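S.K.: just coords:
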C-alpha cells in the first residue's frame, strides 16, 4: 500500500530517518520543518514526493490550516507520525517551571493539537494510522530527566486512551518507544539545566558525564528505526506498543518486574480499601 505520511520534525534525528526510509520505499512524505530554508533541502530528497512545510508545533493556531492545506494540495493523509520533540536534562529542583512548561508545549501540547487536526480526516475516511514516537522514558523513569519523562508518560496515556476511542473507525494507534539512538537527542538538541544545588552533585555529575560520553555512540541505528516504522505501517494488525532497541527492552522489563513485585507485596493493603458492594470501573 502506498502511504501519504505526515511526519513532524524531519530536519534531523529519527524524523529524518523515518522520512528517508518512507521515501525510499516509494511513499509520499510531508515533513514539518521549523525554518523556510530547510524546505528546499528536504524536498530535494525525492522531488514530487517529499513535501516540506514550515510549522512549529507550538504555534497551535497554525496547525489546523496547515493540515487542511496538505489534504487539499498533496492528498489524503494515511498516517501521522508524531515525532517532533526534544529532551531536558536536569534535576527536578533545579529545573525552572518555564523550562518544564516549554517541554510540555513541544512534547505534549503540540502533539495533541497536531493529532486533533489530522483525526477528523482519518475518521471521515474510516482508515488511517496515528503513531506517537515516545521513548523508553515513557515506560520507565530516569533520574535527571523528570521534565522529559513526565511528557512522555503523558503521551503514552494519551495514546492508550485514544486507541480505544478510535479503533471503531478503522484508525490504528501505535506508540513507538526508542531506547538510545545515534541522533542529536543527547547532544546539541538537548536542553541542559545549569547545576545549582550542590546536594545533587553526586547524582547529576556522573549522569551528565555519562550522557555526554554516550552521545553519538548509542546502540540504536536510526536507519533501522526507519525500517521498523514501515513494518508497523504495513502490518495488518499493528502493535499498540513497539520498543526499539535491546536497551529499551531490558530497562523497561526491569522496571515492570520491580512494579509487579511491589504490587504483589502490597496487594492486601490495595484490596483493603474496597467497598464490598462497589462497582468496578472498566
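M.R.: Received the coordinates, thanks. Computed from a predicted model, the values in this text were never measured in an experiment.
S.K.: What helix or strand is residue 173 located in?
M.R.: Using DSSP states H and E, residue 173 sits within strand 171-178.
S.K.: What ranges does the protein have for its strands?
M.R.: Secondary structure of the chain, counting by DSSP state E: strands at 4-7, 28-33, 50-54, 79-82, 88-89, 128-133, 171-178, 191-192, 241-244.
S.K.: Turn the ones you listed into CSV, columns for distance to residue 62 and mean pLDDT.
M.R.: Quick note: C-beta positions are derived from backbone N, CA and C, even for glycine. As requested, those are exported to CSV (distance: least, Cβ to Cβ, whole Å; pLDDT from 0 to 100):
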stretch, distance to residue 62, mean pLDDT
strand 4-7, 14, 98
strand 28-33, 10, 98
strand 50-54, 9, 98
strand 79-82, 16, 98
strand 88-89, 24, 98
strand 128-133, 20, 98
strand 171-178, 24, 98
strand 191-192, 23, 97
strand 241-244, 30, 98
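S.K.: circling back to that earlier point, show me what the strand holding residue 173 is packed against.
M.R.: Applying 3 or more Cβ pairs under 8 Å, 6 or more residues apart in numbering; DSSP states H and E, we find strand 171-178 packed against helix 110-125, strand 128-133, helix 146-166, helix 222-234, strand 241-244, helix 246-265.
S.K.: Residue 20 and residue 53: what is the separation?
M.R.: Applying Cβ to Cβ, to the nearest Å, the value for residue 20 to residue 53 is 17 Å.
S.K.: if we can go back for a sec, indicate which one of the helices and strands packed on strand 171-178 is closest to residue 91.
M.R.: Residue 91 sits nearest to helix 146-166 of all these, at 7.4 Å, using Cβ to Cβ.
S.K.: what is the mean pLDDT for the closest one?
M.R.: The average pLDDT within helix 146-166 is 98.
S.K.: Quick one: work out the angle between that helix and strand 128-133.
M.R.: For helix 146-166 against strand 128-133, the angle by axes from the mean of the first three to the mean of the last three Cα atoms, to 10 degrees is 160 degrees.
S.K.: Okay, buried residues for helix 146-166 please.
M.R.: Neighbour-count burial for helix 146-166 flags 146-156, 158-159, 162-163, 166 (criterion: 16 or more other Cβ atoms under 10 Å).
S.K.: on that earlier part again, let me know which of the helices and strands packed on strand 171-178 is tucked in deepest.
M.R.: When you average the neighbours per residue for each of these (mean count of other Cβ atoms under 10 Å), strand 128-133 leads with a mean of 24.
S.K.: what packs against that strand?
M.R.: Under the contact criterion of 3+ Cβ pairs under 8 Å, 6+ apart, strand 128-133 touches strand 79-82, helix 110-125, helix 146-166, strand 171-178, helix 222-234.
S.K.: in its sheet, what does the fourth one sit against?
M.R.: Applying DSSP bridges, strand 171-178 is found paired with strand 128-133 (parallel), strand 241-244 (parallel).
S.K.: Going by distance to residue 185, which of the buried residues of helix 146-166 wins?
M.R.: Using Cβ to Cβ, residue 148 comes nearest to residue 185 of those, at 9.7 Å.
S.K.: Next up, the contacts around that closest one.
M.R.: Contacts for residue 148 (Cβ atoms under 8 Å, 6 or more residues apart in numbering) come out as 87-89, 103, 107, 135, 137.
S.K.: Would you list the buried entries among those?
M.R.: 87-89, 103, 107, 135, 137.
S.K.: before we move on, the earlier item: pipe the helices and strands packed on strand 128-133 into a markdown table and attach distance to residue 190 per row.
M.R.: Formatted as a markdown table, these follow (distance: least, Cβ to Cβ, whole Å):
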| stretch | distance to residue 190 |
| --- | --- |
| strand 79-82 | 19 |
| helix 110-125 | 18 |
| helix 146-166 | 9 |
| strand 171-178 | 15 |
| helix 222-234 | 16 |
